[in-house]
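Student: I need the structure of the sequence given here:
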Amino acid sequence: MIITGDDDHGISDLQAYLNQQFEMKSLGPLRYFLGLEVSDSPDGLFLSQAKYASDLLARAGLTDYIAHAVHIVSQFMAAPRTSHHSAVLHILRYVKGTLLHGLQFSSNSSLTLSGYSDADWAGDPTDRRSTTGFCFFVDDSLIYWRSKKQTLVSRSSAESEYRALADSTSELLWLRRLLTDLGAPQPSSTALHCDSQSAMKMTHNDTFHERTKHIELECHFIRQHVVNGVAHLIPVSSEDQTADIFTKSLLPGRFRLLLDKLKLVSTALS
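Tutor: Residues are numbered from 1 along each chain as shown. Sure thing, here's the model as predicted:
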């Protein structure tokens, strides 16, 4: 089992007690768990998946992972074609070139939760459904992200952005509860960044009309948590929208810029 904390005496006492009750042994400091490699320093923790990725490449015969690209190709697992196989090989080549990359978690974090929510309206050419993307940080450390296709076709970009905001708010609530359980409650509302002015205006508009009545539940859901002070929406420019990387394919320059915002770094720099 894994025991965490900074009370060495308390950890030793717990290990001694558990050793009396069960057959167990201490494996020392955490180094590898569930495919994650962990290295620590006075500055914090560094997480990577170099071994997991290497094993994956070996199985593929190509002796981190692009969330949006994997989300796209995973939709064709039931009936893949040659083009999908080529796309997977392209992803694996990217993984091969980023084996030493990982996420840095600072030991001096303020433990303040914040997030980014974005959508690519009608971005799928096969069914014109939009893609939701969001990510959450504790201070400046990335802890959670997702890329997924929306279940319904949105009739406007504002609608697709609002659906993304609803999903992001749902995850925000879960993360706030999780952080509370871990001893890091959030005393103030959580900032959720959005680059759609139309979607943000819908949050503060109590009048439902023809353009919004079909997403009335999402409107009530988001507005409730904004009014209650659980979340507050912050406008952000499209250039500074970090979650953009989870909604669409990007040019190399833009892609690298957003990777820097996600604090994805190489072990050589950690």
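Student: which sections of the stretch 151-270 of the chain are below the confidence cut-off?
Tutor: 206-214, 267-270 (pLDDT under 70).
Student: Now do the helices in it.
Tutor: Counting by DSSP state H, counting those that start in this stretch, the stretch 151-270 of the chain has helices at residues 157-181, 197-204, 216-227, 252-261.
Student: and stretch 100-114, which residues are buried?
Tutor: H101, G102, L103, Q104, F105, T112, L113, S114 (16 or more other CB atoms under 10 Å). Where you see a C-beta, it was placed from the backbone N, CA and C, and this is true even at glycine.
Student: just to revisit the earlier point, would you turn the helices of the stretch 151-270 of the chain into a markdown table with mean neighbour count?
Tutor: Shown next, in a markdown table, are those (neighbours: other CB atoms under 10 Å):
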| stretch | mean neighbour count |
| --- | --- |
| helix 157-181 | 20 |
| helix 197-204 | 17 |
| helix 216-227 | 16 |
| helix 252-261 | 13 |
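Student: Tell me which of the ones you listed sits nearest to P29.
Tutor: Closest to P29 of those, according to CB to CB: helix 157-181, at 23.8 Å.
Student: still on that earlier bit, kindly state which of the helices of the stretch 151-270 of the chain is positioned closest to T151.
Tutor: helix 157-181 (8.6 Å).
Student: element containing L18, please.
Tutor: In the assignment (DSSP states H and E), L18 maps to helix 8-21.
Student: Now the element after that helix, going C-ward?
Tutor: Downstream of helix 8-21 (by DSSP H and E), the next one is strand 32-33.
Student: Any idea how far that following strand is from the middle of the chain?
Tutor: How far strand 32-33 lies from its chain's middle: 20 Å, per CA atoms, centre = their mean, to the nearest Å.
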